[in-house]
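[1] coords below, sequence missing:
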């Protein structure tokens, strides 16, 4: 049994433990029920639960949820459109999100996979200061996909 101040009180009978808890106006909490003998603690259980929920809430607040943003291209994209998409990729990487770059091949464009691979490699090269390639360009059906992740700030 553990006292309200954290001190070891030794092995006590259950009735005596309950009496001690009532004297201190606190609760008797079984903290290790599977131990031999079971370990109980005298504490304010309501206060303990409140502090625990506050710690969990604070941990959720500090946690960054990483989203995957998708940007789609076609292999015949013009330079200005490519620069606009590049600006968006940079913005997403700076805010800490992953970016999925997708090139859609329509009709006979599928025969020019090298154009799509060149566009994706150029995008990776342009943003190498902000992000790194998590997954190299790979053809999946009629789409070529590459994933960029933000670089870790040290």
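    Everything's here; your move. All of these numbers come straight from a predicted model, not from anything done at the bench. Residues are numbered from 1 along each chain as shown.

[2] Domain parsing of this structure, as residue ranges.
    Using automatic domain parsing, the domain parsing of the chain gives 14-61, 68-150.

[3] what residue is smack in the middle of this protein?
    With distances taken as CA atoms, centre = their mean, residue 65 lies nearest the centre of the chain, 5.0 Å away.

[4] ok, that residue - contacts?
    Residues near residue 65 by CB atoms under 8 Å, 6 or more residues apart in numbering: none. For every residue, glycine as well, the C-beta is placed using N, CA and C.

[5] likewise residue 115?
    Counting by CB under 8 Å, 6+ apart, residue 115 touches 75, 76.

[6] mind checking the end-to-end distance for stretch 105-113?
    Using CA to CA, to the nearest Å, the end-to-end distance of stretch 105-113 comes out at 8 Å.

[7] how far out from the middle of the chain is that stretch?
    Stretch 105-113 sits 36 Å away from the centroid of its parent chain (CA atoms, centre = their mean, to the nearest Å).

[8] And stretch 40-55, by the same measure?
    For stretch 40-55, the distance to the chain centre is 27 Å (CA atoms, centre = their mean).
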